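Chemist: A structural model of the following input is requested.
(2 chains)
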Amino acid sequence: MDSEAGREEAALLNRLRTRLADFEKDRANLLSILRMIQETFSYIPEEAIYMAADHLDLAPSEVYGVATFYNQFKFNPPGKYPIKVCLGTACHVKGGDIILENFERKLDIREGETTPDRDFSLERVACVGCCALAPVALVGEAVHGHMAPSKVEGLFTRIQVEKEMAEREKRRHESAR
Amino acid sequence: MPRLIIDNQKIEVPEGTKVIDAAEQLGIMIPRFCYHSALGAVGACRLCAVKFLEGPVQGIEMSCMTDARDDMVVSTDDPEARAFRRFIIECLMMNHPHDCPVCDEGGHCLLQDETVSGGHDIRRYKGKKRTFRDQYIGPFVQHEMNRCIHCYLCVRFYQEFTGYRDLAAYQIGYRVYYGRFEPGQLESPFSGNLIDICPTGVFTDKPARYRGRRWNMERSPSVCIHCSLGCNTVANARYREMLRQEARLSESVNGHFICDRGRFGFGYANLPDRPRRAEIGKNEASWTEAVRALANRLTISDGASEMKKTAVLGSARSSLETQAALAILAGSAGWPMPAYFADPHQSSVCRTVVRRLDEGLAVSMKEIERADWILAVGADPINEAPMLALAMRQAVRNGGKAGVIDPRPVFLPFDFTHLPIPREQMEFCLNHLIHSGIARQEADDAGEAVAGFYAQLPEEAEFEEAVREGISTLAEGLKQSEHPVLICGTDIVPLSTPDLAADHAHLLNRIKNTCGLFYILPGADAFGAAMLEASAESAFEDLLKAIEDGEITALMVVENDLIGAYPNRKRLETALDRLELLIVLDYLSTPTVDRADFFLPTTTVFETGSCFINQEGRLQYAEQVHAVGAPIRQLRGRSHPPREHRDEVPGGDPRPAWRAVADLVRALDLDEIRLYTSGPESWLTGSKGPFRFFQEKIYPPREGRILPAESEVAPFKSSIKKEAKKPEAGTLDILFVDRTFGAEALSALSEPIRRAEPAAAAFIHPKDASELGLSDGDSAILRFEEGDLEIPVALNNDMARGLLVIPRKPDLEWQTAGARFPRIARNRIAGVRKETE
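Modeler: Numbering: from 1, shown residues only, chains lettered A, B, ... in the order given. Down below sits the predicted model:
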């Protein structure tokens, strides 16, 4: 985790502490608290679980038990480039799981996880509505159709190139000022 | 009472009985995973499906969720029901790994049994299995989540039955994960029951991992000797080595479960340094040589038949057979009658207990579960007798109220009222509480004796606000109570408290028609020891005095670590120095054994059948598990398998302590030939004390209480003080106490228990600590006259002021303090700052 993200998260945790105080100390409030945490962080960090447990006088295991029961709660921060691999019917038939596996291998994380530098997160989704392009993957909002293992490699090169271009642009901008 | 037919057999069962239990009464075991009679039904696993042919329910239903009702006709082996169950098993097996060959549960795995007997023999599912990461959950239990079939038994037991919350269920559906929030030792001291309760291999016995299948084990019903409750176990040994213990169902003592101290505390029996050879001086000798030489030394020289006067100290951890044999030896040799408690405090309180407990008052743990009001005085159940805490929790779950009067920081896994009263004021608090909970009219109606006793109880009391509130809550509970139970500890209470508790139990008994009395004693057979001491009026203090005066020059210590147990190290050392002869019989290597002039090795509870009487006066028999001898694993070099023919078992010298006594009686040519000519039934028979029970000459004896119908001591003779004793200013009281792990002498030697025990720390109230300039984690140096004792302090709000609570760990030289309940001036305590990194 780079220090910028660390500082940001520490600030959010501080804010969370004050927001928790708005909730009555009643275990029935656990779900609303979890939703609030997810809204604040876009995921549920470990420290927040301890804080929620402390607030409601529950064991952390109980809070985590409720949170993991729902698929909508995330436990890893979203990456700068969220990658979604479709495993809907058409993509499944066209080998979407091979694409997913390629991403996993390339990024060295598993589905549902985020790279340590928080650049990429990997997720599986069920149908993005363009079955004609199967198998499909999304990087951010951009849809990439007719995916193949070689194209996974290409995608990362493209992202790298885009990144470098943006940096060059930034530097030029700064030197011009 | 509903009558129904199950598999063509008629049965009548009480209202509310589940069909699965009704069938069990007929001997029909309906397959089940999630149903447990101690935990009730949830209908999660769907395996107990049966077909209801006629009656109010029709078709396939879960037998654990259906109450038995009139006119039901149930078939457990209807083809439809069998097909249903086979299908359930097939579904459960889809994600279950095929690792039975390397799984420790294999051989006693319920899932394995149900899979085979359910007829699921060919796997149709070809897909991937779901996998999990396992956790480290402590030194007792091994975690292996891939094998899970999601029956929820573990979490229900752990959270609902024992009241701990660090093991929970996560996620949903087939991904449900049982574990801790983060890896670490399970907090519950009852975690070992997960091993028994898990129907498959998710939780297995860690110390016994990969050591043998169930059919490799020598298995016998045994009794736990790590506290006074006497929980029932099944002991498993292999190759002369104790490997595993399981809980054994006892309706009146422990129910289905045991604590981790009992389950994993057996390690002392396998220790490589366990003394297995007799010793004369420090030289090894054969058993016969040693006994003969000992007899010679005991006989005064020049061939006279007169014998050296010898003091005998037995033990509360010895079997009843050994304790009785010692009394017979001392009696026939003309020695003073044996003492059994090295600690004078224990001796005195235990004798009171056996004099006061009778059939009218005694209750078992099962009856405690049914109580609606429980008050414990001077007791810390989770540390002194862990299973008692579990029994109390069940009472509270059923709507009962519980309270504890104790100066220590008492933790219990349920809601209770803790009154942290200084030790000297506990009796006063108890008196006041009972007075507040009983109306004068009720006492007057119960007869003159009760009214007279009640009138002495203090009406007014000055306590802090929080304590006063606690007292009124408990008094209110007592007013409404119909089945009250008093629990009385013996470890830290003043000498008069057991008497007082009995009087209060009598008082409540007369008013409410029922009141239980439950004592906690120090040791597995402390009850038998106290009975023998009480009937002979013997005490170790008197023997020690005689040794100091030079009247007695020989001391025989049997299965007792005298040096570890006697509270004044200096006095004892001086007395031992005066001895001409110290004879020690034991199965442990202790400081006392190191000092012995003669040593005879004895057997553990696993190597001899033996009787123990638990704290409610219940006599139980622990069977022999394995033959005497060093574990084969410990035989070094080329000694196994044996290369040369020998007729003895390596390390096979130890004999039961009562056997050693019998051999000695024979060598001394004493009258009591019954000790070596016949079995224990011949010499355990008698007319008084524990031996009343053996009139039938059955050995091993039948299990049961051996209490008198009514105690010989008349109730209501306790002296009641009108005022609470004020604690002395400028001093701190020190309590040396038991801990769940690490303070009890036997289990503290067991490897897994040692790993589970928390670091030694003295508990102190934050206000006292700040007056002394100590903060959490600092070390306190207590400067006693005989030496210093250094121990880190832990601050705790929930305890009495003016107090230091120190665990009685074997490696902590607490005997330096010189007294059982020492008091130390505040200016004799020095602090050492915690080292900060």
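Chemist: and the longest helix for chain A?
Modeler: Across chain A, the longest stretch assigned as helix under DSSP state H is helix A:149-176.
Chemist: Can you give me the buried ones in that one?
Modeler: For helix A:149-176, a neighbour-count test (16 or more other CB atoms under 10 Å in any protein chain shown) marks A:151-152, A:155-156, A:159 as buried. (Each C-beta comes from the backbone N, C-alpha and C, glycine too.)
Chemist: residues touching B:Val19, list them.
Modeler: B:Val19 makes contact with B:4, B:6, B:30, B:50, B:63-64, B:66-68, B:72, B:74, according to CB atoms under 8 Å, 6 or more residues apart in numbering or on different chains.
Chemist: ok, now how distant is the nearest residue to it once chain neighbours are set aside from chain A?
Modeler: Leaving aside its chain neighbours, B:Val19 sits nearest to B:Ser63 (4.1 Å; criterion: CB to CB, 6 or more residues apart in numbering or on different chains). Computed as CB to the nearest CB, to the nearest Å, the B:Ser63 to chain A distance reads 29 Å.
Chemist: shouldn't B:Ser63 be in contact with B:Lys51?
Modeler: No: with contact defined as CB atoms under 8 Å, B:Ser63 and B:Lys51 do not form a contacting pair (9.9 Å).
Chemist: Now do the end-to-end distance for stretch A:23-37.
Modeler: Taking CA to CA, to the nearest Å, stretch A:23-37 runs 12 Å from one end to the other.
Chemist: in it, what counts as buried?
Modeler: Buried residues in stretch A:23-37, counting neighbours by 16+ other CB under 10 Å, are found at A:29-30, A:33-34, A:36-37.
Chemist: Mind putting those residues into JSON lines with secondary structure, distance to chain B and pLDDT?
Modeler: JSON lines is the format used below for the buried residues of stretch A:23-37 (DSSP: H, G, I helix; E, B strand; the rest coil; distance: CB to the nearest CB, whole Å; pLDDT from 0 to 100):
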{"residue": "A:Asn29", "secondary structure": "helix", "distance to chain B": "18", "pLDDT": "94"}
{"residue": "A:Leu30", "secondary structure": "helix", "distance to chain B": "13", "pLDDT": "95"}
{"residue": "A:Ile33", "secondary structure": "helix", "distance to chain B": "16", "pLDDT": "95"}
{"residue": "A:Leu34", "secondary structure": "helix", "distance to chain B": "14", "pLDDT": "95"}
{"residue": "A:Met36", "secondary structure": "helix", "distance to chain B": "20", "pLDDT": "94"}
{"residue": "A:Ile37", "secondary structure": "helix", "distance to chain B": "16", "pLDDT": "93"}
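Chemist: and residue 94, how many neighbours?
Modeler: If you meant another chain, say so; for now it's chain A. 20 (other CB atoms under 10 Å in any protein chain shown).
Chemist: Please refer instead to chain B.
Modeler: Residues near B:Met94, counting by other CB under 10 Å, number 14.
Chemist: same check, this time on B:Glu703
Modeler: The number of residues near B:Glu703, taken as other CB under 10 Å, comes to 16.
Chemist: Show the model's pLDDT score for the residue positioned nearest the centre of chain A.
Modeler: Centroid-nearest residue in chain A, with CA atoms, centre = their mean: A:Pro78, separated by 2.3 Å. As predicted, A:Pro78 sits at a pLDDT of 87.
Chemist: do the same with the one 3 residues further on
Modeler: Model confidence at A:Tyr81, expressed as pLDDT, equals 89.
Chemist: Mind giving me the packing neighbours of the helix or strand encompassing A:Leu31?
Modeler: Element membership of A:Leu31 [criterion: DSSP states H and E] is helix A:30-41. Packing partners of helix A:30-41 (3 or more CB pairs under 8 Å, 6 or more residues apart in numbering or on different chains; DSSP states H and E): helix A:3-20, helix A:46-56, helix A:60-69.
Chemist: right, and the helix or strand after the helix or strand bottoming out on mean pLDDT in chain B?
Modeler: Within chain B, no helix or strand scores below helix B:680-684, which has a mean of 81 by mean pLDDT, DSSP states H and E. Using DSSP H and E, the helix or strand that follows helix B:680-684 in sequence is strand B:704-705.
Chemist: For the nearest residue in space to A:Tyr43 that is not next to it in sequence, which three-state class applies?
Modeler: Distances taken as CB to CB, 6+ apart place A:Lys74 nearest to A:Tyr43, at 4.1 Å, with adjacent residues excluded. Secondary structure assignment for A:Lys74 (DSSP: H, G, I helix; E, B strand; the rest coil): coil.
Chemist: picking up where we left off before, quick one: buried residues of the least confident helix or strand of chain B?
Modeler: B:680, B:683-684.
Chemist: With stretch A:89-105 instead?
Modeler: So, applying 16+ other CB under 10 Å, buried residues of stretch A:89-105: A:90-91, A:94, A:96, A:99-100, A:102-103.
Chemist: Which of these fall in helices?
Modeler: Members of those lying in helices (criterion: DSSP H): A:90-91, A:96, A:99-100, A:102-103.
Chemist: Confidence-wise, which helix or strand of chain A is lowest on average?
Modeler: helix A:3-20 (a mean of 83).
Chemist: Just the buried residues of that helix, please?
Modeler: A:9, A:12, A:16, A:20.
Chemist: just these now: which is nearest B:Cys259?
Modeler: A:Leu20 (37.3 Å; CB to CB).
Chemist: how near is A:Ala52 to chain B?
Modeler: Here A:Ala52 is placed at a distance of 12 Å from chain B (CB to the nearest CB).
Chemist: Would you check which pair of the buried residues of helix A:149-176 lies furthest apart?
Modeler: Pairwise distances across the buried residues of helix A:149-176 peak at 12.5 Å for A:Lys151 and A:Ile159 (criterion: CB to CB).
Chemist: Count the neighbours of B:Gly127 for me.
Modeler: 7.
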